[in-house]
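Student: The sequence and its predicted three-dimensional model are supplied below.
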Amino acid sequence: MSDTHTELAVGIDLGTTFSVVSHIDRNGRPWTVMNSEGDITTPSVVFFDKKSVVVGKEAAKVAEYEPERSAQFAKRDMGRDTFRKQIRGEEFPPEVVQALILKKLKEDAELKLGDFSKVVVTVPAYYNEPMRQATQVAGKLAGLDVLDIINEPTAAAISFGVQQGFLSTSGESTSEETILVYDLGGGTFDATIMVIDGQNYKALATLGDVYLGGIDWDRRIVNHIAQTFVEEHGVDPREDPAGMQTLMQEAEDAKHSLSSREETTIRYAFNGQRISVDLTRDEFETMTGDLLDRTLMTLRKLLREVKLEWKDITRLLLVGGSSRMPMIHNMLEEESGLSVDRSLSPDEAVAHGAAIYASLLLGSPEATKLGMSVQNVNSHDLGVLGVEAATGMKRRQIMIPRNTSLPATGVRKFKTFKETQRSVAVNVVEGGDASGNNATQIGKCVVKDLPNLPAKTPVEVIFKYSPNGMLTVAAWLPSIKKKAQLEIERNVGLSNELFEAWAKRIQGGLTDASTLELEPAAKSEATESKPEAKAEPAKGQKSEPKQKAKPASVAAVAATKEEAKPQEPVAKGTSTDEPKPQEPAKAAVESSDDPATKETTVAEESSQQETSPQEKAAEQPLVNEEAKAVEAAKSEATESVDSSGAAELEVIETDAQVADEQTQPVKAKDAENSKEEKPQSAEKSKDKPASAKTKQKEGPSVSLVVAERTEEEEAEEAARNRKRQFAVLGMNTALHALALLILALIILPAKTKENFTVISSRVSDDQLEEEIQEEVELEQPEQIETETKMEVVNDIVSDSNETLELDISDLEPSSVAPDPNANAPAPVAKVTGEMGGRSKAGKTALVNKYGGNAQSEAAVQYGLRWLARHQASDGSWSFDHTHGGNCDCDQPGSMAQTQVGATAMALMAYLAAGHTYYTGTFHKNVTAGLNYIMANGKMTENGADFRGVAEGNSGMYVHGIVTIALCEALAMNDEAIKVR
């Protein structure tokens, strides 16, 4: 191995749409390495040709003609089990797609630089640990030694500091800046506030949206073109994969054109028919205004969290190709009052910063001379999931809050929950709400073989989080001097078997032939009646006896040959559509009652072109959740009876994995999905002990197979599966629709019930994970970090403190002037694809119909003024009566953390009285409240999620209240919000 001081320092910006490689030259300057085509950026597109894999510009071109063989935007799927769609009827982990891109980048760069392996790879700042772990695995699959994973905004700030000379050649500080990095890439958005003080780079806070990027702007243009095409020709090109691929390219070209021109013309042809669409910059900005607002709300929330205002920011940096859009510049300058710094190259800055950071890690003479140091923050809360003593409910205790400077240490005291508790389990989670909903389980630290301890025995938990992403968790019982320690490190994402299998296939080119060669091993004719034939057909059909190490897909590997227990869960299947891949899995579990679907199936050969990708997905009963439940049950049984040894560490890595004989580092990637899948799969597996899959797992040599079927049988099975999927979706929809309907009955007037259409959305069920070890008890209810208050220049509180004297002894009949449209039906917003709500005219009609005199209207105004006086400076209300600073009382408050739900309820009072964010005496209050709600929602690929900002189990209730409030607010201004 060469001396570290002479090794190349290489940084890679692995982007959603484009990727860039940079290196540090002998003079310590970062340079972008051109690819083999002579470009500085490489499209992050992979095309699976019959005889090879193509990556980059050529792949992007060919993808327009054969989109079913292309993979792009895999960055958004990192941390999941499988890429969002099948390629050649096969499921790929997103790590494999990203590895192929990295491999292309490495090979092209080596043409210019020579051989290298050590790199720093950048990721969005808001990536969670499973996503970061998956990125590191992708690098390893590509033959790279990933020195570290660094946040993209941090890399951009490093690049800016070096470029602008904040680090002199002597290492002395020449200036200090507080910068805000606005990073809008092709698929993700991040915002980070950093302080640059000479050689010191310190991140203060970071926030982001991993499901927002330039491709979302492209899709708005796609929908505009497609709608025009439908109106003129009656055909929707989005329904054809090739047509959709061409649409996306036309939309991207139009977006780029509008960044330099006021108007562009889009000419599009599909199925022999053509259209020409003129699109102006103003029209484009109007149709994407809500996307821009999402970034603005993120910025405002970020500033509140670090208790800063725009006047405290000295520099505003733009990074990411999508930040070139003029609307971005205009919004930021109007909001901040600052001029946008355009000194950085949006495409190259992140890669340059990564290369500089790599030189620091490698100890290059240039970095050593500068004495550079980088201090980052964690982007998500790290905590422990325990039990609240008073209620017995699960509670998450934050150990290291997000945006804590690293390295960091958190120490908390807990107590045992039960008498004679023989083990203590410390469930380590990332993110989520106060009850642990939506949290990602990272691992479990267990102290076992305890004596008969009394309840409430003290347990001390220590978290240590290092800058390189390694988390050490220790549980200590001082009364008996027992300790267990767990190290959670980003080092392995796939099992060793899967990793080796995919590494070999990548080196072999991932040809069609390799896929077909592997299929017989996955299709060995094992049946319930012939368990002894499980392993033999695989050997007979393949010349290599250990073909199990080279699976045709993740789904084809269910168990090792040497061990009875599988080391890695079978991956879930996905459809070719955008939604999350977990949902088809739910439908498939439901379908396992049918005898025809009790066997595991594999994808049909790619030569069968008659079946659409959607039908292929429906033809594959995804039974892996049941297998996971069986293994989880075995793991639970093993742990419950094991009482040998001293204080021992046990890591429950995922619901599908059984602990090895030697403790392994936890796999955070699988934990992200396990919390949603396990409760469903465990329930199904209890009633199906005789399924083919469970029987196969009992023997020492296992393969999950099925015999060949006719096209008629496959069509019948696909139809059955589709019916079951609709049934499950219908049940889920009905439950959520019922909740919204109940809320609607409470809030909406009686007359509007007839015109109210229940709108339901697809929301995954948050079910608590089954207990394997005894829990720990929180010493006291968790004190959730409160929202940071910031003084606002505009006074949003009513300027009148007058007291209204109301005489209610003699109420006069209604004296409201009649409305000429009083007899007309109350206008209601269209509900086809939109969320319905009352218009302002509809509200007026209802008031005139049902009455309302001067005294009652005065009472309403009095109530609204009272609410205004209790609105906080950040625009929120609270169920806690001490909130807002205008309470003259000494009684403690409650429900202080459900401020988003309380704000939504308060807003409905204003909306019902006719005050909107455009008009009305209290329009400033309404505007501030709506801004607060939108700034605190969690943005997902399916839209905003408000369940995580509520206390206890009120998440669904709060989400419903917020939905209705937003519906009312938009409808009263003749606007609409689309159901995602």
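Tutor: On my side now, so go ahead. Numbers count the residues shown, from 1 in each chain.
Student: low pLDDT regions in the stretch 151-300 of the chain?
Tutor: Applying pLDDT under 70 to the stretch 151-300 of the chain flags residues 165-175.
Student: That one: strands as residue ranges?
Tutor: Secondary structure of the stretch 151-300 of the chain (DSSP state E, counting those that start in this stretch): strands at 176-184, 189-197, 200-209, 263-270, 273-280.
Student: for these, which one ends up most surrounded?
Tutor: A comparison of those by mean neighbour count, using mean count of other Cβ atoms under 10 Å, puts strand 189-197 on top with a mean of 25. Heads up, the C-betas are built off the backbone N, CA and C, glycines and all.
Student: hang on, the earlier thing: can you lay out the strands of the stretch 151-300 of the chain as a markdown table showing distance to residue 156?
Tutor: Compiled in a markdown table, the strands of the stretch 151-300 of the chain are given as follows (distance: least, Cβ to Cβ, whole Å):
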| stretch | distance to residue 156 |
| --- | --- |
| strand 176-184 | 5 |
| strand 189-197 | 8 |
| strand 200-209 | 11 |
| strand 263-270 | 29 |
| strand 273-280 | 31 |
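Student: Out of those strands, which gets nearest to residue 485?
Tutor: Evaluated over those, closeness to residue 485 peaks at strand 200-209, with 28.1 Å, by Cβ to Cβ.
Student: Please verify my assumption that residue 187 contacts residue 19.
Tutor: No - here residue 187 does not reach residue 19: they are 11.8 Å apart, not a contact under Cβ atoms under 8 Å.
Student: Which neighbours do the two have in common?
Tutor: When contacts are counted by Cβ atoms under 8 Å, 6 or more residues apart in numbering, residue 187 and residue 19 are jointly contacted by no residue.
Student: Burial check on residue 426, number of neighbours?
Tutor: Taking other Cβ atoms under 10 Å as the neighbour definition, residue 426 ends up with a count of 25.
Student: And the one 3 residues further on, by the same measure?
Tutor: Other residues within reach of residue 429, judged by other Cβ under 10 Å, total 25.
Student: SS state for it?
Tutor: Under the three-state scheme (DSSP: H, G, I helix; E, B strand; the rest coil), residue 429 adopts strand.
Student: Quick one: residues contacting it.
Tutor: Applying Cβ under 8 Å, 6+ apart to residue 429 gives the contacts 382, 383, 384, 385, 396, 436, 439, 440, 441, 442.
Student: Please flag which of these sit within strands.
Tutor: By the criterion of DSSP state E, membership of the contacts of residue 429 in strands covers 382, 383, 384, 385, 396, 440, 441, 442.
Student: right, and the pair among those with maximum separation?
Tutor: Spatial extent of those (Cβ to Cβ) is set by the pair 384 and 440 at 13.4 Å.
Student: Which one of the contacts of residue 429 is nearest to residue 260?
Tutor: Residue 260 lies nearest to residue 440 out of the contacts of residue 429, by Cβ to Cβ, at 41.9 Å.
Student: these two touch, right, the closest one and residue 431?
Tutor: Yes - with contact defined as Cβ under 8 Å, residue 440 reaches residue 431; the gap is 5.7 Å.
Student: Next, show the common contact partners of these two.
Tutor: Looking at what touches both residue 440 and residue 431 (by Cβ under 8 Å, 6+ apart), the common residues are residue 128.
Student: Just read off the phi/psi values of the closest residue to residue 40 other than its chain neighbours.
Tutor: With sequence-adjacent residues excluded and distances taken as Cβ to Cβ, 6 or more residues apart in numbering, residue 40 is closest to residue 32, at 4.7 Å. Dihedral angles of residue 32 (phi, psi; degrees, to the nearest 10) stand at phi -80, psi 130.
Student: From residue 55, how far out is residue 32?
Tutor: The gap separating residue 32 from residue 55 is 18 Å, by Cβ to Cβ, to the nearest Å.
Student: More neighbours: those two, which one.
Tutor: With other Cβ under 10 Å as the criterion, residue 32 and residue 55 differ in neighbour count, and residue 55 comes out ahead with 25 against 20.
Student: Ramachandran angles for that one?
Tutor: Comment: the main-chain dihedrals of residue 55 come out as phi -130, psi 140, following degrees, to the nearest 10.
Student: That one: what's its closest spatial neighbour, skipping adjacent residues?
Tutor: Residue 55 sits nearest to residue 104 (Cβ to Cβ, 6+ apart), 3.8 Å away.
Student: Can I take it that the one you found is in a helix?
Tutor: Yes - per three-state DSSP, residue 104 lies within a helix segment.
Student: any chance of the contacts of residue 429 in CSV, plus neighbour count, pLDDT and distance to residue 330?
Tutor: Formatted as CSV, these follow (neighbours: other Cβ atoms under 10 Å; pLDDT from 0 to 100; distance: Cβ to Cβ, whole Å):
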residue, neighbour count, pLDDT, distance to residue 330
382, 24, 87, 38
383, 28, 87, 40
384, 27, 87, 45
385, 24, 84, 44
396, 23, 85, 40
436, 24, 78, 41
439, 26, 82, 38
440, 22, 82, 37
441, 26, 79, 43
442, 27, 77, 41
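Student: if we can go back for a sec, who does the residue nearest to residue 40 bridge with?
Tutor: In this entry, residue 32 is beta-bridged to residue 22, by DSSP bridges.
Student: so where's the stretch 351-500 of the chain uncertain?
Tutor: Judged against pLDDT under 70, the low-scoring parts of the stretch 351-500 of the chain cover residues 365-371, 389, 468-469, 486-493.
Student: how about the helices in it?
Tutor: All helices of the stretch 351-500 of the chain, identified by DSSP state H, counting those that start in this stretch, fall at 365-370, 496-508.
Student: try the stretch 51-200 of the chain
Tutor: Remark: helices assigned in the stretch 51-200 of the chain by DSSP H, counting those that start in this stretch are 57-62, 94-113, 129-141, 152-163.
Student: who does the first one touch, helix- and strand-wise?
Tutor: Contact here means 3 or more Cβ pairs under 8 Å, 6 or more residues apart in numbering; DSSP states H and E; on that basis helix 57-62 packs against strand 42-43, strand 45-48, strand 70-72.
Student: so can I have CSV of those strands showing mean pLDDT?
Tutor: Conversion of these to CSV gives the following (pLDDT from 0 to 100):
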stretch, mean pLDDT
strand 42-43, 94
strand 45-48, 93
strand 70-72, 90
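Student: Quick one: closest of those to residue 194.
Tutor: Between residue 194 and the helices and strands packed on helix 57-62, the tightest spacing by Cβ to Cβ is seen for strand 42-43, at 27.6 Å.
Student: In the sheet, which strands lie alongside the closest one, parallel or antiparallel?
Tutor: Based on DSSP bridges, the strands next to strand 42-43 in the sheet, each with its direction, are strand 18-24 (antiparallel).
Student: Cool, thanks, signing off.
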